[in-house]
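Colleague: After the sequence you'll find the predicted model.
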Amino acid sequence: MAFRTARNLAYFSNYIRNYSTNGPLVNVTVNEKSGFATATLQRPSVNSLNLELLTEISHTLQQLEKNKCRGLILTSASNKVFSAGLDLFELHKPNADKIKQMWSTLQEVWIKLYGSSYPTVAVVNGHAPAGGCMLALSCEYRVMLNNFIIGLNEAQIGFSAPMWLIDGMRNTIGSRQAEFALTAGTLFKTEEALKIGLVDEVAQSKEEAIEKAEKFLNKFAKIPPHARSMTKAALRGANIQALVRNKDEEVRSYVDFVTDSQFQDSLGEFIELNLKQKLSK
Ligand SMILES: CCCCCCCCC/C=C/C(=O)SCCNC(=O)CCNC(=O)[C@H](O)C(C)(C)COP(=O)(O)OP(=O)(O)OC[C@H]1O[C@@H](n2cnc3c(N)ncnc32)[C@H](O)[C@@H]1OP(=O)(O)O
């Protein structure tokens, strides 16, 4: 079985090592017994999603698919932040070409993770606003540690989440809750997220969360993988196809939107109010 053999494992580790110039931003390990992979995001300090991290996540997902991964646990090396979402400093006064690539890679990550043939679980071991919540929502199951926040707070920053992400939220928590949450840009505490179904289980430690994640993945041990993945594709395919059809158009409108001075002003205000690190004037 792919990934189970030492040769495949070595190939995958070399691939990751060679890919990244500053050390891997995603660390992948494979449990040889279960065949489950754990991908740990490790871009200091908050796994904010810049082009480099997004590219590495995208390549990791591609390799997992190619190597017939039996299940994925997505988590963070930080014990405070799962992912802080898009790198807000890279969105401020940006280079249009770079953010074009950034948005297109974000779309790729969503397509590959949301549409993966293998089962996926997010172990949300820290805060997960915006793009962090997106990564968790793309997985099939979410186990979250206590005392963190999760949600799509895009409205607070001055934009709307894209349609495919809105659909992901709607499919997870229902239309009415999604409308309340998205229009107010609500960030939910772990217990609140559990109550509305944004997360599936709460754990007290990362070890317990991993155990719960593995228990979820093990549910599929006796289901023929092709039957499982065909069913997942049937359930998620329309959402993915809608984005695939609209991909280039969405990139164009995103670049126009982000480079507009009105958005830049509201982003600047958000950073000054909410982040410790300030903008250089
Ligand atoms: C059609 C198309 C339409 C357009 C449609 C567009 C749709 C977009 C969809 C997705 C959008 C997004 O993801 S937008 C991203 C939204 N993200 C956020 O709102 C998160 C903002 N951050 C936070 O709330 C907090 O930092 C949080 C993550 C909870 C962690 O809090 P803590 O107290 O533990 O840590 P802090 O001290 O705040 O942060 C630690 C360090 O990380 C930095 N940091 C924190 N968040 C950061 C971030 N997102 N980007 C960069 N850097 C960040 C801080 O400046 C600190 O830097 P140092 O002081 O140097 O250490």
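Modeller: Structure received. What you see is a predicted model, and the numbers here were worked out from it, not measured in a lab. Residues are numbered from 1 along each chain as shown.
Colleague: any chance you could map the helices in the stretch 151-281 of the chain?
Modeller: With DSSP state H, counting those that start in this stretch as the definition, the stretch 151-281 of the chain shows helices at residue ranges 154-157, 163-173, 175-184, 190-196, 206-218, 225-259, 261-274.
Colleague: Of all those helices, which one is nearest residue 120?
Modeller: helix 206-218 (8.6 Å; CB to CB). For glycine as for every other residue, the C-beta is placed from the backbone atoms N, C-alpha and C.
Colleague: what's the closest one packed up against?
Modeller: Secondary-structure packing of helix 206-218 (3 or more CB pairs under 8 Å, 6 or more residues apart in numbering; DSSP states H and E): strand 72-76, strand 120-124, strand 141-145, strand 201-203.
Colleague: Tell me which of those strands sits most buried.
Modeller: Across these, averaging neighbours per residue (mean count of other CB atoms under 10 Å) puts strand 120-124 on top, at a mean of 29.
Colleague: which bits of the protein sit near the ligand?
Modeller: 45-46, 48, 80-81, 84-89, 127, 129-131, 153-154, 157, 159, 161-162, 250, 253-254, 257, 274-277 (CB under 6 Å from any ligand atom).
Colleague: if you set the cut-off to 5 Å instead, what comes out?
Modeller: Within the chain, the positions near the ligand by CB under 5 Å from any ligand atom are 46, 48, 80-81, 84-88, 127, 129-131, 159, 253-254, 257, 275-277.
Colleague: Filter the residues you listed down to the buried ones and hand me the PyMOL line.
Modeller: A single PyMOL command selects the buried members of the residues of the chain next to the ligand (16 or more other CB atoms under 10 Å):
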select buried, resi 46+48+81+84+85+86+87+88+127+129+130+131+159+254
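Colleague: Among the residues of the chain next to the ligand, which are located in strands?
Modeller: With DSSP state E as the criterion, strands contain residue 129 from among the residues of the chain next to the ligand.
Colleague: List the buried residues for the helix or strand containing residue 99?
Modeller: Residue 99 belongs to helix 96-114 when assigned by DSSP states H and E. By 16+ other CB under 10 Å, the buried positions in helix 96-114 come out as 99-100, 102-114.
Colleague: How far off centre is that helix?
Modeller: 12 Å (CA atoms, centre = their mean, to the nearest Å).
Colleague: angle of that helix against helix 225-259?
Modeller: Angle, helix 96-114 to helix 225-259, by axes from the mean of the first three to the mean of the last three CA atoms, to 10 degrees: 160 degrees.
Colleague: Under the pLDDT cut-off, which ranges of the stretch 151-281 of the chain? List them.
Modeller: Confidence mapping of the stretch 151-281 of the chain against pLDDT under 70 gives the ranges 277-281.
Colleague: redo that, cut-off 90
Modeller: Across the stretch 151-281 of the chain, the ranges flagged by pLDDT under 90 are 156-159, 274-281.
Colleague: For the closest residue to residue 186 other than its chain neighbours, give me its contacts.
Modeller: Closest residue to residue 186 apart from its sequence neighbours, by CB to CB, 6 or more residues apart in numbering: residue 151 at 5.2 Å. If you count contacts by CB atoms under 8 Å, 6 or more residues apart in numbering, residue 151 has them with 128-130, 133, 181, 185-188, 193, 198.
Colleague: List buried members of the residues you listed by neighbour count.
Modeller: Buried, going by 16+ other CB under 10 Å: 128-130, 133, 181, 185-188, 193, 198, out of those.
Colleague: Throw these into CSV and include distance to residue 268, thanks.
Modeller: Supplementary listing: these in CSV, determined by distance: CB to CB, whole Å:
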residue, distance to residue 268
128, 24
129, 18
130, 17
133, 23
181, 25
185, 17
186, 23
187, 21
188, 26
193, 29
198, 29
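Colleague: quick one, phi/psi of residue 27?
Modeller: With angles defined as degrees, to the nearest 10, residue 27 sits at phi -100, psi 130.
Colleague: gap between it and residue 225?
Modeller: Per CB to CB, to the nearest Å, residue 27 is found 25 Å from residue 225.
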